[in-house]
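**Q** Sequence and predicted structure, then a few things I'm wondering about:
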Amino acid sequence: MKTLVLLVFAFALLTACTQEQDEAPAVADTAAGKAIAQARCAACHGMDGRGEEEGIPNLAAQPVEYLVDALNAYKDGRRHHAALQDMASGMSDADIYNIAGYYASLPPLPVPTDSSANASSGSSYEEGAEVAAVCTECHGEHGFSREPGVPSLAGQQPAYLIASIQEYARGERGHQEKEAMLQGLEQVDIEKMALYFASQVPERRDPPPFGDPQRGEPLSGTCGECHGDRGISHDPLVPSLAGQEPNYLVSAIKAYRDGGRQHDEMVADRSDEEIEDIAAYYSIQRAEAAADQTLAIQELAAKCDRCHGPSIGKTTMVVPSLNGQNRDYLVRVMKAYRDADRGSSMMHKMSANYSDETIEAIASYYSGRPAD
């Protein structure tokens, strides 16, 4: 019995020693990490830690804890990348720590001043104005229509505008001229155009030559359930009616009533006179912009900096530095978090409402900043 106890103790001691040998060292052996990096990592991430292709992340000067966590995530399958999973699966804890220590010890990469990927060609507002110029001939300067029967776009909800423009571009609204005009626009162009129009403040209209706004106000009660007080919508997919071109409102409301447009229970029992009163009421309401003129990227970045900012390394969170990171990589990863294709409920919740345009603007902001 005594011999058995000794054998069990010896086996446990041997196992413990084996585990200790596989554990990460207290201090990274950067020379050993450099050798492994040269053999396994440099083809994609370079010996200086810069991604060799667009979409490959920079590793230089990243926090060692984050690099260790990322490699372990590939090793145990929490992150999916066949090549990295295969490579990490054959690494010991010490190997992973040494590679992380090597890349973390490298100096931050300089931001390339001549990189078109990192340089902004102008603010989102200015770029949106350029794309929107094709629409102003019909919809008026800044999207405020004075043409009878042509709707204003100024101050509309951006999500509603994006959805509508996409439907015209796909030919779903039966307007061949608009379909042809919108061909070739990328999704990000549509979003910039919508944000430009949404940021415009519509002008105050004079009463139209028909209808009675005072009679129209109580008649608008049912409309207000969806379109908001005085026709100012706060639902991203419901258009605002305040300040809208009155002839357009009349034709649109009649189309819903008569079945030309599909929407259950939309003004089904209103007379022509009542519809003109409703249109007159909404057309003279003071409208407002539905979005800021800028995307306030610095405000969005301030939220990111709560975890990824200057205090990085001083908290218990294991997070990467974003400054100076590869732009295309940031775009790809943020879209994956937004679309719940990458596991982080907190990141998904924070970015769930971000458009492609917003994500690209945030990525450009961080990729153009000097690395920490």
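**A** Happy to help now that I have it. Residues are numbered from 1 along each chain as shown.

**Q** For the stretch 151-300 of the chain, give me the ranges with low pLDDT.
**A** Where the stretch 151-300 of the chain drops to pLDDT under 70, the residues are 262-266, 292-296.

**Q** in it, which spans are strands?
**A** Applying DSSP state E, counting those that start in this stretch to the stretch 151-300 of the chain gives no strands.

**Q** in it, which spans are helices?
**A** Applying DSSP state H, counting those that start in this stretch to the stretch 151-300 of the chain gives helices spanning 158-169, 176-182, 187-198, 213-219, 221-227, 246-258, 272-283, 297-308.

**Q** Put together TSV for these, with distance to Pro110 and mean neighbour count on each row.
**A** Heads up, the C-betas are built off the backbone N, CA and C, glycines and all. Formatted as TSV, those follow (distance: least, C-beta to C-beta, whole Å; neighbours: other C-beta atoms under 10 Å):
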stretch	distance to Pro110	mean neighbour count
helix 158-169	36	19
helix 176-182	40	14
helix 187-198	28	24
helix 213-219	62	15
helix 221-227	52	14
helix 246-258	54	19
helix 272-283	55	23
helix 297-308	20	15
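
**Q** Can you tell me the SS state at Ala28?
**A** Following DSSP: H, G, I helix; E, B strand; the rest coil, Ala28 is assigned to coil.

**Q** Next, count neighbours for it.
**A** Using other C-beta atoms under 10 Å, Ala28 is surrounded by 22 other residues.

**Q** I figured it hits Asp95, correct?
**A** No - if you go by C-beta atoms under 8 Å, Ala28 and Asp95 don't touch, sitting 10.5 Å apart.

**Q** can you tell me which of the helices of the stretch 151-300 of the chain comes nearest to Glu126?
**A** helix 187-198 (8.7 Å; C-beta to C-beta).

**Q** Pretty sure Ala363 is one of the things Ile297 touches, is it not?
**A** No - using C-beta under 8 Å as the test, Ile297 is too far from Ala363 to be in contact (10.0 Å).

**Q** Measure how buried His80 is and give me the count.
**A** 12.

**Q** Please shift the residue numbers so they start at 268 in all later answers.
**A** Fine by me, first position is 268 from now on; the one you just mentioned is His347.

**Q** From Arg440, how far out is it?
**A** Per C-beta to C-beta, to the nearest Å, His347 is found 40 Å from Arg440.

**Q** swap in Ile363?
**A** In terms of C-beta to C-beta, Ile363 sits 55 Å off from Arg440.

**Q** More neighbours: those two, which one.
**A** Set Ile363 next to Arg440 and count neighbours by other C-beta under 10 Å: Ile363 wins out with 23 against 13.

**Q** Assign a three-state SS to that one, would you?
**A** Three-state call for Ile363 (three-state DSSP): helix.

**Q** what helix or strand does the closest residue to it other than its chain neighbours sit in?
**A** Of all residues not flanking Ile363 in the chain, Leu338 sits nearest, at 4.6 Å (C-beta to C-beta, 6 or more residues apart in numbering). Applying DSSP states H and E as the criterion places Leu338 in helix 331-342.

**Q** Determine the set of other helices and strands touching that helix.
**A** Applying 3 or more C-beta pairs under 8 Å, 6 or more residues apart in numbering; DSSP states H and E, one finds that helix 331-342 contacts helix 349-356, helix 360-372.

**Q** mind putting those helices in JSON lines, distance to Leu428 and mean pLDDT included?
**A** Converted to JSON lines, these look like this (distance: least, C-beta to C-beta, whole Å; pLDDT from 0 to 100):
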{"stretch": "helix 349-356", "distance to Leu428": "41", "mean pLDDT": "92"}
{"stretch": "helix 360-372", "distance to Leu428": "44", "mean pLDDT": "95"}
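
**Q** which one of those helices has the most crowded surroundings?
**A** Highest mean neighbour count of the helices and strands packed on helix 331-342: helix 360-372, a mean of 22 (counted as mean count of other C-beta atoms under 10 Å).

**Q** centre of the chain versus that one, how much separation?
**A** Distance of helix 360-372 from its chain centroid, counting by C-alpha atoms, centre = their mean, to the nearest Å, is 32 Å.

**Q** Can you tell me what sits against it?
**A** 289-292, 294-297, 299-301, 303-304, 307-308, 312, 316, 326-332, 334-335, 338-339, 342, 355, 358 (C-beta atoms under 8 Å, 6 or more residues apart in numbering).
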